[in-house]
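Visitor: sequence plus predicted model, see below.
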Amino acid sequence: ATTSFENVAITAPEGLIYTGPSAAALQAAFEGGTGNVVCTVPTSVTLTGDLTGCTVLTSDKIWELDGLAVVTSGAELRIQEGTTIVGLPGTGDATSYMIVDKGAKIYALGTVDKPIVFTSQNTSAQEVGLWGGLTLIGNAGND
């Protein structure tokens with residue numbers, strides 16, 4: 001039997017190899033493990049609104065922030081090394097930006113050779129305000 005996945009990333013401990021007989025057995029073994037998380041890769045490259053559950057941004061696409069994208073409390077965002085995320089142009093309520101809310105997790109492990117890049121869609125202009133930015137909300141006070 002063959003097991004195939006589409007738009008799914010599986011995170012498991014290093015060195016874990018599954019050699020079971022079926023997709024149902026694989027799912028049962030995965031769900032019975034400790035710390036295993038089922039993540040999905042969005043089907044659209046446009047990121048907007050709430051990101052819930054576990055989302056993986058892969059390095060084989062250029063991801064676009066269109067307005068506000070929020071990694072909600074309890075959710076995870078995993079960004080592969082070498083990934084590019086661009087903010088689409090807009091001002092006011094149409095500003096493109098990402099918030100990682102309090103209680104959410106972000107895993108973004110770029111490298112020197114494969115950095116994670118947040119930038120504006122307009123790479124020819126060198127000016128302030130081309131996109132809204134990335135905001136991490138924590139437990140600190142905001143006075």
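Guide: That came in fine, so what should we check first?

Visitor: heading C-terminal from the helix-or-strand element of the chain with minimal mean pLDDT, find the next helix or strand.
Guide: Taking mean pLDDT, DSSP states H and E as the measure, the helix or strand of the chain with the lowest value is strand 8-11, at a mean of 62. Downstream of strand 8-11, the next assigned helix or strand under DSSP states H and E is helix 23-31.

Visitor: on the three-state scheme, Asp93 is what?
Guide: At Asp93, secondary structure determined by DSSP: H, G, I helix; E, B strand; the rest coil is helix.

Visitor: secondary structure element for the nearest residue to it once chain neighbours are set aside?
Guide: The shortest distance from Asp93 to any residue other than its chain neighbours is 7.7 Å, reached at Gly67 (C-beta to C-beta, 6 or more residues apart in numbering). All C-beta spots, glycine's among them, are computed from the backbone N, C-alpha and C. Per DSSP H and E, Gly67 falls inside strand 62-71.

Visitor: adjacent strands (with direction) for that strand?
Guide: Strand pairing for strand 62-71, using DSSP bridges, gives strand 46-51 (parallel), strand 84-87 (parallel), strand 97-100 (parallel).

Visitor: mind putting these into JSON lines with distance to Val37 and mean pLDDT?
Guide: As requested, these are arranged in JSON lines below (distance: least, C-beta to C-beta, whole Å; pLDDT from 0 to 100):
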{"stretch": "strand 46-51", "distance to Val37": "14", "mean pLDDT": "96"}
{"stretch": "strand 84-87", "distance to Val37": "21", "mean pLDDT": "94"}
{"stretch": "strand 97-100", "distance to Val37": "17", "mean pLDDT": "94"}
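
Visitor: coming back round to it: do you know the pLDDT at the residue nearest to Asp93?
Guide: The pLDDT attached to Gly67 in the predicted structure is 92.

Visitor: would you mind confirming that it makes contact with Gly90?
Guide: Yes - counting by C-beta atoms under 8 Å, Gly67 touches Gly90, with 6.9 Å between them.

Visitor: can you list the low-confidence ranges for the protein?
Guide: Where the chain drops to pLDDT under 70, the residues are 1-19, 125-128, 142-143.

Visitor: same thing but at 90, please
Guide: Confidence mapping of the chain against pLDDT under 90 gives the ranges 1-40, 88-95, 109, 119-133, 138-143.
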